[in-house]
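**Student:** Dropping a prediction and its sequence here:
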Amino acid sequence: MAWFINFPSEEKFGLTNQIRRAAISIALNIAEGSDKKSDAEFKRFLRMAIGSCEEVITGFYIALDQKYVPEKDFDIIYEQANMLVAKLNALVKSLNK
């Protein structure tokens, strides 16, 4: 998947940077939350990771609307991001038990 080559160079510090930062935030929030000493704190960080995931999806909706990314690539990213959100929600739910 070579969607990144469709982003114009002026987006290097705009939309692409925002998507990249949100994607990194997903992993960092999971890692930071996993080191917390309570399930409540871990869940809080998991919810932040879910929010970052939703931010990535929104960024790609904008990219799709601007024709920076082909719809078939968007569909793959959208599906994978939603699977991650579902897994994170399942983890939050398991911590509620």
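**Tutor:** Cool, got the structure. Residues are numbered from 1 along each chain as shown.

**Student:** Which of the helices or strands spans K43?
**Tutor:** helix 39-65 (DSSP states H and E).

**Student:** what's in contact with the next helix or strand after that helix?
**Tutor:** Per DSSP H and E, the first helix or strand lying C-terminal to helix 39-65 is helix 71-95. Outside helix 71-95, the residues that touch it by Cβ atoms under 8 Å, 6 or more residues apart in numbering are 1, 3, 26, 30, 39, 42-43, 46-47, 49-50, 53-54, 56-57, 60-61, 63-64, 69. The way it works is simple: take the backbone N, C-alpha and C, and place the C-beta from them, glycine included.

**Student:** List the contacts of G59.
**Tutor:** Contacts of G59 (Cβ under 8 Å, 6+ apart): 15, 18-19, 22.

**Student:** for this structure, which spans come out with low pLDDT?
**Tutor:** Applying pLDDT under 70 to the chain flags residues 1-5, 12.

**Student:** Report the separation between the residue positioned nearest the centre of it and L15.
**Tutor:** Among the residues of the chain, the one closest to the centroid is C53, at 2.4 Å (Cα atoms, centre = their mean). According to Cβ to Cβ, to the nearest Å, C53 and L15 sit 16 Å apart.

**Student:** same question, R21
**Tutor:** Taken as Cβ to Cβ, the span from R21 to L15 is 11 Å.

**Student:** out of those two, which sits in the busier spot?
**Tutor:** L15 (18 against 14; other Cβ atoms under 10 Å).

**Student:** Please list all residues in contact with that one.
**Tutor:** So L15 contacts 7, 59, 62-63, 66, 68 (Cβ under 8 Å, 6+ apart).

**Student:** Reformat those residues into JSON lines and put distance to S34 next to each item.
**Tutor:** Output for these, formatted as JSON lines (distance: Cβ to Cβ, whole Å):
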{"residue": "F7", "distance to S34": "32"}
{"residue": "G59", "distance to S34": "25"}
{"residue": "I62", "distance to S34": "31"}
{"residue": "A63", "distance to S34": "30"}
{"residue": "Q66", "distance to S34": "36"}
{"residue": "Y68", "distance to S34": "34"}
